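[1] pasting the structure only:
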């Protein structure tokens, strides 16, 4: 047993942290202020910015680009698209890096490691034809375009993915897409070009074979970003979350990944690493919030003492520290399980982190807000946005309750089987 | 012991509830959509609206106006300004009514019962000269103008009110106000005319005699609303929370309420009922959130069942119901203590509700958000705004921790005394 | 709305408190030490004691006897058996008194107000024939004998009362009882004479008409107290909890209360007030634990301060105070509902307190233990026993989860109905 | 990063688990029943038992003996006293093993790895003279005698170890011990022979140099085990916790380990690994409780379903699983820190586990109790004893609050320093 990160992971994590804190953070602050000012003037709040492009180039120059590419499957692409070391990273190594990217909301995009682009790139990498890879994966890996994942729907409980009612109807050598999606992350970005759409193809098939996953250009006729949504008041620029309607959108039948009815199979492979990434970024975000809380609590004074020394504040800070450390280890362990036994052997582990880590992050950030007083609620600190982000992840990619259900199923399976046998 | 509300309170609460649900709620929804649209177009998002004025007239016509006016001290004003029944309400009667006003963020203003106007009116009613009452209290009671309370400061930990560093410096027959305040609720409203400012007058006096409370017209030279703040992304229109600078603002010495150094004495009397109002509105808000949660959980289906019947959802809804009922009783009891023994005898009770109720409301609203899925985070439901409001009240009017400290002090006093005596 | 107890309740509560603290508490301490010593010597640890009998006489002489007798139905018996004032108390008045009896584990018995005797007496009072009342109710009201309730079974999940598998089989003019019961409170007391047994009579009937309730003398042939159980290591002398086997026990058919198949109907009426009593005693127990905690925290010193002033201790004490106050109000309100609308209208209220109050008591007592250090775990303080008692009540009379289920059912009923109607 | 245990640890853990479940558990059950029966008959409940001795021999024969001996310092003793492999184990390897020993309360003693003997043996190993090692360490390693640690005192808040008031007064070539200790684990065991006593030697010295640690034979004149204590009703046989008085006990001055005033230095080295052991055993205990809970919840039926499928039970079981997994990783990581940087670099980590793990274990065991219904409270399942054990560890070896304080101090140190610098 060895808790030390590999030399490569340690080096990358340390360089990413420095890059995020020293280069990304100042730009991010200006960018968000600029977005707010543009919005206040009624101008477009989602413009491409030269500063972000410069940061992307800098990241790439430093070899901090596309680090999400997985060891093995992703090696070839890593060699071609500038990942440090020229090969993909294991899940556990990348998790160590991803923690540092979570310290900033802008950093993942700057490092070309943000959701949903990473998941979409993995889908293309694994299931795309060479032509699809050239058309979409290459510009995505280059950071020239962005992509969205069209899954959640406003009209059904999307925590049960079999509920999805938007349709992907084969029609000769085309497939026709209809329906309404929301929480489509990235829909606000001006570079958004590709959507991966999940739609109902055959309602008579087995419940996990009814849906298809389809590549759809965002500028296809019939695709409309109806509006951008706020999550606890945040637009989450520069990606944002859109509500998107699809009205008789026609794409070639070849755009159906793996063919009709394979959506669940594709989604499955997509979600293990994605949840590790989300959770590890949240660990970094919580760590950042705790740093801010410690800083504030040590420098503000009330009733003659630093706030840290009032009432239960020290204990709460200690609890937050423990919670973060436990969460980090749980995520790293889940990543290691993915590396060593694959997603099939790590179903419980992946759901454990997805259930536990967003709540931990919410709690830690909430404490940081409380210690900042009114300032913590405002836009003067990144805490309100951080809270909204962490809170969203108690719903996105499956709500807490669904993941607890997965954990319970794995946990109880042997007992239920024994109980059934005993009952015979 | 009798838990039934008085006939008057029951009647008023029932009429207020109908008014809020049937008349205010539809306007509120339109108003907030309009505000969002104006803001998106870069237009002024804080306009006076004819619809709101019409609602105010309707409330007044129905005798649902200025119901906050306290029995006894407020009777005369109640008779003059249209409170139903012509006399003020006891705290416990008004608490029953206030619960219903909490179902809508707009309702308190429409009923002329919103913070901080109510607190300011009570201050004027109790400490204002007849001239000040004519100048400011009358138009406030008429709903023609609005007011703000300039207390919290960005640069000091305002949970300790003795920290306030803005100054109120006597200069001949004037007093000069300097400093920076924030979380100045109401500063965004176009009718905002009067500020009650708390400033440091004599740093050498006893720590609770250093500060003064001063009436300041918001259009006085040197008063600037620097910006409007967001709380968890919400501007809380139509009142809003401002950051306000005061730069050499001169007002007559007579504007210092009760004279220099009396700010704490004035604040004390202001806060008991105000905290009951806040908490009782939060009870109503939580109840509303629970209704929405029950509605959603009963009508959305996942995994073949109404969401209510999945996992621990029924238990969580039951827990929320219990939490609301406990909180309501605690607030009503605190109000009854205020009525029967006054603030001096109800210090613990008032701090108990202030510490307990906002957290309860946050928890219930958070559950409602979770049961609404992504929708709960968006502006399509009033839950994100409700959460921000409840969360703010864990800080406003004293953070949880300060109130727990008050409760502990009352609780431990007899033991500490005995321990000291034993140690002699 | 009036939170003041009635003059009669206030007077009784004050006299009961003085009696419990001044007369019962010292005897209790000696008694428990004596029991421990006897047990250590291998002697009978359940002896009748002259001291307890003297306390009972004293209670009766002071008019503090059988105070549980309900207003209305119980008035006649109250007049005959010495209740103060000669009439029964309302639920809300008795709740005020019951809180004070909860300060001591011995007090309820001394006041002839302990479970399960009170519930059994109410059953006899309501459903017994005049002959049964003379035979059993009179000596119970006199405190000459004690009784048990034979319901919970070791071999089935007794949280679902329809699971009960012990049988009450009619056989001519007799009924034959067979099966095994446990957690039979009072089975250890030497005066235990009467059992009320719940057994399965007709497995083919509607699930709430299958069981009967039968009076059974504890000295009937075939009734055996197999052993006394510990709950978290406590025997809960002098009543205790037994495991009882019934093997072909024959009693007259007339012992079946109301006739066969009526057990659920009888149990229903029994449980509303009983749960109020349990919960209100727990409020008193928690209050007592908090007093001990405050005392200890104010007098012990570590790191140069009274323990109360270390870390989050003051906040935790304040939270405990708030939790107790909320719980008390919730129980009083439920009692008031029972008084004003009866059990049918108070199903949710009664389950709310049963779900909330034992957990509150556990939390407060656990805090008191923590503040007492090792001593809190030992028998030197009443806290370990108090914890065991409160923890038991998270299971006895229906586990938390069952009660939350009842609350949820009441809460969701209107929504489910509307949802079904909408679905048509 | 590698989460797989070393081959040696994996092998030992697997063999220990099999030994504990297959050999120790059945004996334990009989032993505890026998103890209860003896106690009920007023006989000595603390007899040596041949069965336990046989288990000890079996453990030793299988090389599962003294596995606690630390790599490096303990290697020589490991070679001599039969540890598997002939060398000591790293902390992380032993932690993996210790988890399995926690599944049974008897197992640690059978494996000669129980507290406080392990800590005492480490003290002798590190600070004892060769003569003291021959006299005491050898028979301890042989399992021929047992030992106690005389530290906690009934009359002072022992969470602050500088409070200890019992005295160790040098008097020529002797030292005289006076005072009263309690929670002296092992004092009930008939083989208890050696005490390590902490006493005040020089109240005028620096607060961490006032106390001495002294070897004292338990049969020295003046040493009296006054009574055995219960913890939540449990005597914790066969070791038990005693209250011990020392009255003018004289031992040679050479018995003062390292000389006068060195107690804190010695205690420090003792506690890091000891806390890892305690916490890892609690992880095993919680895992065992969760297994019992899953078993019970899968086989008992209520309301037509296995209990597992009622309400929030599946979610609670999943939460317990997550909590255990997080705790295990946190403990293993702390052990790894001890191995790689030593106690000075792992102060926070050791306090983090001590604050977090006992509470986790209490919560999991409490859930298991709840799912067992009344049975869970009784002695028919090991859960009541498990709860008492876990609850005790929220106090023993420093209460939660003290450890949270240590974590906070480490966490805040850099901020406090910066704040002080900034203030200059």
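    In hand now; what should we look at? Worth saying up front: this structure is predicted, and the values here are computed from it rather than measured.

[2] use CA for all of it now, contacts and neighbours both
    Noted.

[3] how long is stretch A:98-118 end to end?
    Taking C-alpha to C-alpha, to the nearest Å, the first and last residues of stretch A:98-118 lie 12 Å apart.

[4] excluding chain neighbours, what is closest to the residue in the stretch 51-200 of chain A that chain B sits nearest to?
    Going by C-alpha to the nearest C-alpha, chain B is nearest to residue A:160 of the stretch 51-200 of chain A, at 5.4 Å. Nearest non-adjacent residue to residue A:160, counting by C-alpha to C-alpha, 6 or more residues apart in numbering or on different chains: residue B:302, 5.4 Å away.

[5] which pLDDT value goes with that neighbour?
    With respect to pLDDT, residue B:302 scores 96.

[6] one more: the one 4 residues further on?
    As predicted, residue B:306 sits at a pLDDT of 96.

[7] ok, it - contacts?
    B:297-300 (C-alpha atoms under 8 Å, 6 or more residues apart in numbering or on different chains).

[8] a markdown table please, covering the residues you listed and showing distance to chain D, secondary structure and neighbour count.
    As requested, these are exported to a markdown table (distance: C-alpha to the nearest C-alpha, whole Å; DSSP: H, G, I helix; E, B strand; the rest coil; neighbours: other C-alpha atoms under 10 Å in any protein chain shown):
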| residue | distance to chain D | secondary structure | neighbour count |
| --- | --- | --- | --- |
| B:297 | 15 | helix | 27 |
| B:298 | 16 | helix | 23 |
| B:299 | 19 | helix | 20 |
| B:300 | 18 | coil | 19 |
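
[9] can you narrow the residues you listed to ones near chain C?
    Checking the contacts of residue B:306 against chain C by C-alpha under 8 Å from any C-alpha of the partner chain, the ones in range are B:298-299.

[10] ok, now which ones touch the closest residue to chain C within the stretch 301-424 of chain A?
    Closest to chain C within the stretch 301-424 of chain A is residue A:312: 3.6 Å, counting by C-alpha to the nearest C-alpha. If you count contacts by C-alpha under 8 Å, 6+ apart, residue A:312 has them with C:311-313, C:315.

[11] please report phi then psi for the residue most central in space within chain A.
    Compute the mean C-alpha point of chain A, and by C-alpha atoms, centre = their mean the closest residue is residue A:115, 3.9 Å away. Phi and psi for residue A:115, reported as degrees, to the nearest 10, are phi -80, psi 150.

[12] quick check: pLDDT value at the closest residue to residue A:107 other than its chain neighbours.
    Spatial nearest neighbour of residue A:107, chain neighbours left out: residue A:101 (5.6 Å); criterion: C-alpha to C-alpha, 6+ apart. Looking at residue A:101, its pLDDT reads 98.

[13] tally up the residues packed near residue A:343, please.
    Residues lying near residue A:343 (other C-alpha atoms under 10 Å in any protein chain shown) number 21.

[14] actually residue A:33, not the one I wrote
    Residues within reach of residue A:33, counting by other C-alpha under 10 Å, total 14.

[15] using the three-state scheme, assign it.
    helix (DSSP: H, G, I helix; E, B strand; the rest coil).

[16] for it, give its distance to residue B:36.
    Distance, residue A:33 to residue B:36, by C-alpha to C-alpha: 19 Å.

[17] list the contacts for residue A:373?
    So residue A:373 contacts B:157, B:159, B:395, B:399 (C-alpha under 8 Å, 6+ apart).

[18] how about the nearest residue to the second one, chain neighbours excluded?
    Sequence neighbours aside, residue B:398 is the residue nearest to residue B:159 in space, at 5.5 Å (criterion: C-alpha to C-alpha, 6+ apart).

[19] which parts of chain A belong to which domain?
    For chain A, the structural domains run A:7-114, A:147-260, A:264-423, going by automatic domain parsing.

[20] could you check how far residue A:396 is from chain D?
    Distance, residue A:396 to chain D, by C-alpha to the nearest C-alpha, to the nearest Å: 19 Å.

[21] so what's the backbone phi/psi at the residue nearest to residue B:159?
    According to degrees, to the nearest 10, residue B:398 has phi 100, psi 120.

[22] in this structure it contacts residue B:152, no?
    No. Between residue B:398 and residue B:152 there is no contact under C-alpha atoms under 8 Å: 10.2 Å.

[23] out of the two, which sits in the busier spot?
    Using other C-alpha under 10 Å, the more surrounded residue of residue B:398 and residue B:152 is residue B:152, with 27 against 19.

[24] what strand or helix carries the more buried one?
    Using DSSP states H and E, residue B:152 sits in no helix or strand.

[25] quick one: contacts for it?
    Residues counted as contacts of residue B:152 (C-alpha under 8 Å, 6+ apart) are B:158, B:164, B:181-184.

[26] among those residues, name the ones in strands.
    Of the contacts of residue B:152, the ones assigned to strands by DSSP state E are B:181-184.

[27] tell me, which of those make contact with chain D?
    Among the ones in strands among the contacts of residue B:152, not one lies near chain D by C-alpha under 8 Å from any C-alpha.

[28] who touches the residue in the stretch 201-350 of chain A that chain D sits nearest to in this structure?
    With C-alpha to the nearest C-alpha as the measure, residue A:318 is the residue of the stretch 201-350 of chain A nearest to chain D, at 4.8 Å. Residues in contact with residue A:318 (C-alpha under 8 Å, 6+ apart) are D:404-405, D:407-408, D:411.

[29] rewinding a little: save the domains of chain A as a markdown table, and put in distance to residue D:25 too.
    Formatted as a markdown table, the domains of chain A follow (distance: least, C-alpha to C-alpha, whole Å):
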| stretch | distance to residue D:25 |
| --- | --- |
| domain A:7-114 | 38 |
| domain A:147-260 | 44 |
| domain A:264-423 | 20 |
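
[30] before we move on, the earlier item: out of the contacts of residue A:318, which touch chain C?
    Applying C-alpha under 8 Å from any C-alpha to the contacts of residue A:318, those adjacent to chain C are residue D:405.

[31] switch the contacts of residue A:318 over to TSV; also include secondary structure, pLDDT and neighbour count.
    Shown next, in TSV, are these (DSSP: H, G, I helix; E, B strand; the rest coil; pLDDT from 0 to 100; neighbours: other C-alpha atoms under 10 Å in any protein chain shown):
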residue	secondary structure	pLDDT	neighbour count
D:404	helix	98	26
D:405	helix	97	22
D:407	helix	98	25
D:408	helix	98	25
D:411	helix	98	19
